[in-house]
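Student: Give the three-dimensional model of this entry:
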Amino acid sequence: MDLNTCLTRLPLKADNVNSRGVVHGGVLMSALDFTLSAAARSNAPLELSAVTIELTAHFLNEGKSDLQIEGRCIRRGKSITFCEGEVRDGEGRVVTTARGVFKLLDIQRG
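Tutor: Residues are numbered from 1 along each chain as shown. You can find the predicted model right below:
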């Protein structure tokens, strides 16, 4: 894993599933937003915060197990970053893919 990558684990819990017993799409979007924004500020995590400008996702399979989310910063400008990521299930199958654009803010300057 390089400095432009963030990994997050999302356990399968009753609070995270919809009425069909699979991980809710909103939960996946929140986990992706968290993970991709962490990758966006991975070059200076204690100095930067990230504000989501855009986040899109494609839901490919149902999440029926603990999930792993990987986010990667693919382009970092002075204040705007572009990230991509995916959610995989316990068998390595892609559940969701995502792309996000984030504005970086200096924590000390606001």
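Student: I'd guess S37 is in a strand, am I close?
Tutor: No - judged by DSSP: H, G, I helix; E, B strand; the rest coil, S37 forms no part of a strand; its state is helix.
Student: Spit out the contact partners of it.
Tutor: Going by CB atoms under 8 Å, 6 or more residues apart in numbering, S37 touches A50, T52, G71, C83, G100, F102. Every residue, glycine included, has its C-beta placed from N, CA and C.
Student: Please identify which of these is nearest to Q108.
Tutor: A50 (15.0 Å; CB to CB).
Student: tell me the SS of the closest one?
Tutor: Note that with three-state DSSP, the state of A50 is strand.
Student: where's it relative to N43, distance?
Tutor: 11 Å (CB to CB, to the nearest Å).
Student: Show me which of the two is the more surrounded one.
Tutor: Taking other CB atoms under 10 Å, A50 and N43 do not tie; A50 has more neighbours (23 against 14).
Student: Tell me who's in contact with the more buried one.
Tutor: With the criterion set at CB under 8 Å, 6+ apart, A50 makes contact with S37, A38, A40, R41, T81, F102, K103, L104, L105.
Student: Out of those, who's the most crowded?
Tutor: Going by other CB under 10 Å, A40 tops those with 29 neighbours.
Student: Now the residue nearest the centre of the chain. Nearest residue, chain neighbours left out?
Tutor: In the chain, the residue lying closest to the centroid (CA atoms, centre = their mean) is L32, at 2.4 Å. Nearest non-adjacent residue to L32, counting by CB to CB, 6 or more residues apart in numbering: A98, 4.5 Å away.
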